[in-house]
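**Q** Dropping the sequence and predicted coords here.
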Amino acid sequence: MLAVMPHRSYDQYCAVARALDAVGERWSLLVVRELLHGPRRYTDLHADLPGVSTDVLAARLKQLQGDGLVERRQLERPASGMVYTLTPRGLALREVVEALAVWGRDDLGDPRPTDAVRRHWFTEGGRLPADPES
């Protein structure tokens with residue numbers, strides 16, 4: 001079992017509070033957003049999450065693993081290395097991330113001079129690819 005530092009909890013018997021216990025930390029849902037596009041190496045995640053420190057990214061990945069939303073696995077040959085991927089429970093966050101994209105789209109406006117932009121962040125109507133592994 002993966003040792004994970006305990007994270008903050010709202011300590012409320014409420015489904016929204018429990019969901020936020022798992023994905024409410026800063027960067028957590030953005031890590032999920034990246035993994036909804038398919039398995040990713042740590043270095044690729046770090047490159048596509050500008051502004052996140054390596055310590056925070058590592059902590060979020062460990063937390064998401066501990067909560068059963070993300071798993072780390074070895075790539076099959078001929079590729080090598082480790083990748084992070086969403087578990088079925090993590091993939092169930094697709095509708096949440098898509099709903100946030102639709103909800104936030106009206107306030108997006110023009111990019112600010114300091115905004116990072118990645119092409120894969122833009123999807124039709126906030127929808128992400130249906131099956132990134134196919």
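**A** All right, it came through fine.
**Q** any idea which element the residue nearest the centre of the chain lies in?
**A** If you average the C-alpha coordinates of the chain and look for the closest C-alpha using Cα atoms, centre = their mean, you land on residue 32, 1.6 Å from that point. With the criterion set as DSSP states H and E, the secondary-structure element containing residue 32 is helix 28-35.
**Q** average pLDDT for the helix or strand just after that helix?
**A** As assigned by DSSP H and E, the chain's next helix or strand after helix 28-35 is helix 42-47. For helix 42-47, the per-residue pLDDT values average out at 96.
**Q** how about the strands in the protein?
**A** If DSSP state E is used as the criterion, the strands of the chain fall at 70-74, 82-86.
**Q** ok, and what's touching the last one?
**A** Among residues not part of strand 82-86, those counted as contacts by Cβ atoms under 8 Å, 6 or more residues apart in numbering are 32, 35-36, 38-42, 45, 61, 69-75, 93. Where C-beta positions appear, they are placed from N, C-alpha and C, glycine not excepted.
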